[in-house]
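> below is the sequence, then the predicted model.
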Amino acid sequence: MSDQNCFDFRAASSQVTRRSLFQSVSGGLCGAALSQLLGRQGLAATGLLANEKTSEAASVQTTAPSDLKPRLPHHEPRAKSVIHLFMNGGPSQMDLFDPKPMLDAHHGEKYFDKIAGEVENPHAAGALMRSQYKFGQHGQCGMWMSDALPNLSQRVDDIAMIRSMYTTNITHEPAIYIAQSGKMSAGRPTLGSWVTYGLGSECQNLPAYIVLDDPLGLPVNGVENWDAGFLSPMFQGTRFRTNGAPVLNLKPDVERPESVVKDERQLISRLDELHQRQRPGQSILAARIASYELAARMQLSASDALDLSQETQSTLEMYGIGREPTDSYGRRCLMARRLVERGVRFVQLFVNGNLWDHHTGLVSGLKSCCERTDLPIAGLLQDLKQRGLFDSTLIAWGSEFGRLPIAQLSPDKDDRNAGRDHNKNAFSVWMAGAGIRGGTTYGSTDELGLNAVGNRVSVPDWHATMLHLLGLNHEQLFVLDNGLKEKLTGVLEAHVVKGIMK
Amino acid sequence: MRNNIRSFITAFVAVYCLLYCRSQLIADDEVLSQDESNAADVSYQTEIQSLLREKCFSCHGGKTRKADLNLATAEGIAKGGESGALIVPREPEKSLLYEKIHSGEMPPDEKDRLSDAEIKLIERWILNGASLGDSKDMVSATILPSQHDVIPIMLRRCTACHGRHQQLANLDLRTRATMLKGGKSGPAINPGKPDESLLLQKIHAGEMPPLERLVEVSVKPIEPAEVETLAKWIAAGAPEITIEPDVATSNGDALVSDEDRNFWAFRSPQPVDIPSVRNVKRVRNEIDAFILQKLESVGLTLNDEADRLTLIRRATFDLTGLPPEPVDVMAFLEDSRPDAYEKLIDRLLDSPRYGERWGRYWLDAAGYADSEGKREQDLPRPYAWRYRDYVIRSFNADKPFDRFLLEQIAGDELTDYENAPEITQGIYDNLVATAFLRMTPDATWANITGYVPDRIDVVADEIDVLGSAVMGLTLKCARCHTHKFDPIPHRDYYRLVDVLKGAYDEYAWLKPEIRPGIGPVSEDVIGGRSLPFVTTAERNAWENHEAKITEEIAVAKANSEPEDRIKSLEAKHQPEPRIQALWDRGDPSPTYIYRRGDWLTPTDFVGPGVPSVLTDGKTPFVVEPPWPGAKQTGRRLAFAQWLIQKDHPLTARVHVNQIWLHHFGSGIVRTPANFGRAGMLPTHPELLDWLAREFVHRGWSLKTMHRLMMTSATYRQNSAVTSQHEEADPQNQLYSRMPLVRLDAESLYDSLLLVAGRLDETPFGPGDHVQSRADGLVMPVGTERGWRRSIYVQQLRKQLATHLESFDFPQMNPNCIERRDSMVAPQALHLLNNAMVLELAEHFATRVIDLAGAQPSRQIEEVYRIALSRPPSDEELHIGLEMLTRLHNDWTKQLSTSGQPDSAIVQSKSLAGYCHAIMNSASFLFVD
């Protein structure tokens, strides 16, 4: 991380009043300068709350974050940054990470009647189906992994596998809402926004929360995947495209001479200064000027951050850049490293559409997904290690749900083209890097891989764990809304998964 | 609990069954419990009862029963509360009672907490089985399930195919009577003989419900426990008991007290005296007296009146969402009559642009969108625009707000539209208005996202809209439990659910219409959510058009005209005009309170009603059919009529607060969607009550309220911030100045079009399409006439126009009462770099050259007149001239590379750059 972009952590996070907050607009904040309206959380400061019961919480909210300065976490953090590799679609856990010999033993037996309520496409439901992939034990830890992931298999000592994830919906859209925001509806703040809200940014020229989506298309739920919901839009994810101008509207749609653009900018800033001078005490105007300054800085730094020509050939090769089918995902993995290096807090990578959604054609489909992503991800882990970023970066790989042990038959009813239907009751995810005990295999599923049974991990547990590693307590990270503490983990209890940590 | 004896006896049996089973288990596993069994027995009568009396009765006993819990009697303890059973005998760790006192959560006041010894005592009592002493004799071995235990099971598992929408095999399983009647294979049940009951035989044989077909009708398989309940009920002779649903009676209300009703927002607005103030000269109307009184109490007064240029720009944006036209500015400046300003306000209120501005606020509150959202397909709502037009027309016509609400909540119950000889504009409006309660995101059109819980979510969102937009209450909190802050019991939420049930029945659901190619077909759909009742005039016009086309095609075919010609004629067919609406269909399913919001745990049977705290708690909520012989329940009509009573505690207050918020930048209650105890108190409670009463007395006229507020001295003051303000009123809670505000998304977009001369003011009709670029930019599609105002741009949830989204246009999940007002870099990037903004700047420049000619200072003056409704200051003119010259040089140099540049091109390009900068400037974006 470059030093000149760092704030003094403690000074910046000391208590601020609304007034001093207004006066301290430095123009050096990412994504936005300042929300001039503190919104509902700020209201509590006025002491006009109707109910004294809420006044305690209200006093906490007086200092609710409304900028992107770095903030002190709740406890000593293990991770400074997160790279979230979201594998939308629902990768098949029993073909990748969770070997099920009983599926071999019972292959071909009818099972549908026992799980009818859990199947999205009953007419296509087939019998129990074994995996076509070969599992082996890898690394010093002996973690099981299938031969679909030959490169990740070599790095198992760096990762902690959770085999006992479960969620609560078997349809992509609601399940992805849950995975991103903890709740089954659109318009809630996502994990990355909560993290940015809680910790602010360590970088002044780039947004704190950056999304690298697939040039082949948006994931399911589109831009809602990085929504800030009821948090300020400054905590929303900013989409960086991996080719062309990285940010929407970052470059002019119409080419104009540099001198014209420069003079126009100068004209705006001269008029704005005059306008502001005639209106002393209007803090909103300082925020507005700062937002124009930041826009200008972003135009320079965003392009630089994504400029892969600055990398060596061997680095590019490590990520599989320059050859198919790894080039696209490899680029995004390498960009993720470059962004984390520059102090970006939360980087999220997506694959297009429902890439891992193998209702049919599981064997070939899964293989192609793995071929696109396996080498780049292994390269990313290796590169982060080489550069000393591995211990401060949390890498999380996961999806919205898993898949069923029974086959889903294609219309031709040919077993060779079979796939698997969605399964909300069991799936596998992994984490690596900051604070994670590599080589761990955590939790278990039943003998068919249908249900998580041992050390079950819910989506809120998984969220709480990521927050914990970043130094945030999921119970204390909230926004007060009408007396209710709105949290990422919701109203039910969530548990940090200590079993995967160092 | 006067509700019904059944529920507590059932619960009682459950507790004792548990107790019995547990004791069996304990016996098998005695080693573990040796310690406990040696402990001295704890007596309920002598030890526990007195402890509970001391610590808990004040909230959970006798008259007050928070969380529907009564600890005063053994029955009450056995029944538990709205969070479920209180005690699991022999398992303190699983017992809610122990959990609450052990964690210190209860009693809420720290000084009342139980001592360690007392907590131990409760623990031991539970460990020993939580005996309730002699009261267990009350348990009768003959208590059996009734139809109220069985009907919910039928609704969950069976009635999708054997119920209201379809009666496969001629079978309807919704009531005992129809079960007895049976279907084509005979009666479904044989009371007293479970083995001979067809219903159970089919279930046991695994034939019903048919597993492979369940997903098609969004049903999950039946559970063994449900089959058991059903068998028990049939074995007992399928008993039916008569219980009245829980509605308000004259017995008072154990869940809401008179003290609860005494909170300011739950009492009717009170008559208030107009306060006297020192600086009487500043008082233009009553509003100023209320405002000045508070200001004077902290040593402040109102700011000076803003100058006329400021006033006309402020008032025009405020009422029309657009800047004043130069000609209007001139007229206002030259008007020397004493009431020139009042006349200006009247002119603005008469402008058709007014409805497009203020209607938009209401569309936010309603959560208006042109698509269903939630799923990738983002199914379009092709008729939603009619509701948008209805809202705009209602505002322009100054439809009284009480009538406006009545139509939106119960328009379908105002006239017998199905039997009307003619669909008049009035009937049409009534029906279109009901789309108000059809606006929330909804994916129930697909079977996999159309299960009962998904449907309940839709209803919950509608109740949230009603609560936040109309009632200023966070009703949604009471969906799973009694509200934590406000006296809204769990029960009252389900009374509202029952109010909506005639139209929103989760067991007989009307799904959004699926169009070809989108989503799987669902089986239990009838109709859809649109009605054919457009006005007779519109229908006739459509029918005539169709007849004409059909005729022309027939003629063309008869003449063997070319295929192309026939195809082009066929393309002239228009889809049938329909309206999106909500209507009562009669015969709703029964409503049960869902414990913890879980549809699998229905408990008490409730009827329609309104929140008890907003009533005297005694007067029953009376529902009558809307007209003799109507199939409609009349529930929403009764609800709407209750809501628009003149002395309703919330309706008028909540709405005048919203009007105030939009004029003055913040509400008198600064939490406009929450007037409850976790909301804010009003900064000026007397003013709020005075305004609310005025609103009602003046016929619920919005325009009257605008006039009143905008002609006040408070509204007419300038926006300067002084050091005194920073000391005594830093957040402007006392309205010591007008706020400086940024244009909202629509005003900015519409203004850019207007100043560029590219605003197409064609009103109404289907929304204009948007176009998505590969990088995610979403732009409205224009025509040769330009672009229409943003309110007429299609609002697709997954494709919001980038401009609107960047400038805080809300995601409707489900609605928005107060927009956020952010200041982020993407806004700057959009205005600086977006092609449409650049194009508009060029149009603006062309317009200026046409009006002002080639002289730069004249051009600059014209730019200011059009864009900022005022002349430039000397300094602004100076900066303008200097920069215009530089831009001129830039372009001359640039264009000289290919020979002598055309001076007209250089001029227009440099002026366009200047215009672009003005469109980006703070002066353009902010209103004083």
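Everything's here; your move.

> every contact and neighbour count from this point should use C-alpha atoms.
Will do.

> correct me, but A:I406 touches A:A127?
Yes - with contact defined as CA atoms under 8 Å, A:I406 reaches A:A127; the gap is 5.2 Å.

> between the two, what contacts are shared?
Contact with both A:I406 and A:A127 is made by residues A:Y111, A:F112, according to CA atoms under 8 Å, 6 or more residues apart in numbering or on different chains.

> B:C477 is in contact with B:G597, correct?
No - under the criterion of CA under 8 Å, B:G597 lies out of contact with B:C477, with a separation of 10.3 Å.

> ok, these two, which is more surrounded?
B:C477 (21 against 18; other CA atoms under 10 Å in any protein chain shown).

> how close does that one get to A:M143?
The spacing between B:C477 and A:M143, counted by CA to CA, to the nearest Å, is 46 Å.

> give me the residue from the stretch 301-450 of chain A nearest chain B.
Distance from chain B to each residue of the stretch 301-450 of chain A (CA to the nearest CA) is smallest for A:G353, at 9.9 Å.

> okay, now that residue: neighbour count?
For A:G353, the neighbour count with other CA under 10 Å is 19.

> in the stretch 701-850 of chain B, where is pLDDT below threshold?
Applying pLDDT under 70 to the stretch 701-850 of chain B flags no residue at all.

> ah, wrong one, I meant chain B
B:1-40, B:134-143, B:250, B:515-527.

> let me see the domain layout of it.
Chain B breaks down into these structural domains: B:5-138, B:147-235, B:360-530+B:581-643, B:535-575, B:835-927 (assignment by automatic domain parsing).

> let me know which of these is tucked in deepest.
Taking mean count of other CA atoms under 10 Å in any protein chain shown as the contact definition, the stretch among these with the greatest mean neighbour count is domain B:360-530+B:581-643, which reaches a mean of 21.

> contact residues of the stretch 101-250 of chain A facing chain B?
Taking CA under 8 Å from any CA of the partner chain, the part of the stretch 101-250 of chain A that reaches chain B is made up of A:113, A:116-117, A:120-123, A:171, A:173-174, A:185-187, A:220-222, A:232-234, A:241, A:248-250.

> of the residues you listed, just the buried ones, PyMOL syntax please.
Listed next is the PyMOL selection for buried residues among those, using 16 or more other CA atoms under 10 Å in any protein chain shown:
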select buried, chain A and resi 116+117+120+121+122+171+173+174+185+186+187+220+221+222+232+233+234+241+248+249+250
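
> mark which of the residues of the stretch 101-250 of chain A next to chain B are part of strands, please.
Counting by DSSP state E, no part of these is found in strands.

> please enumerate the helices of the stretch 51-200 of chain B.
Counting by DSSP state H, counting those that start in this stretch, one finds helices in the stretch 51-200 of chain B at the ranges B:74-79, B:96-102, B:116-127, B:147-157, B:176-181, B:198-204.

> can I get the domains of chain B in TSV with distance to A:L450?
Rendered in TSV, the data for the domains of chain B read as follows (distance: least, CA to CA, whole Å):
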stretch	distance to A:L450
domain B:5-138	28
domain B:147-235	17
domain B:360-530+B:581-643	20
domain B:535-575	48
domain B:835-927	52
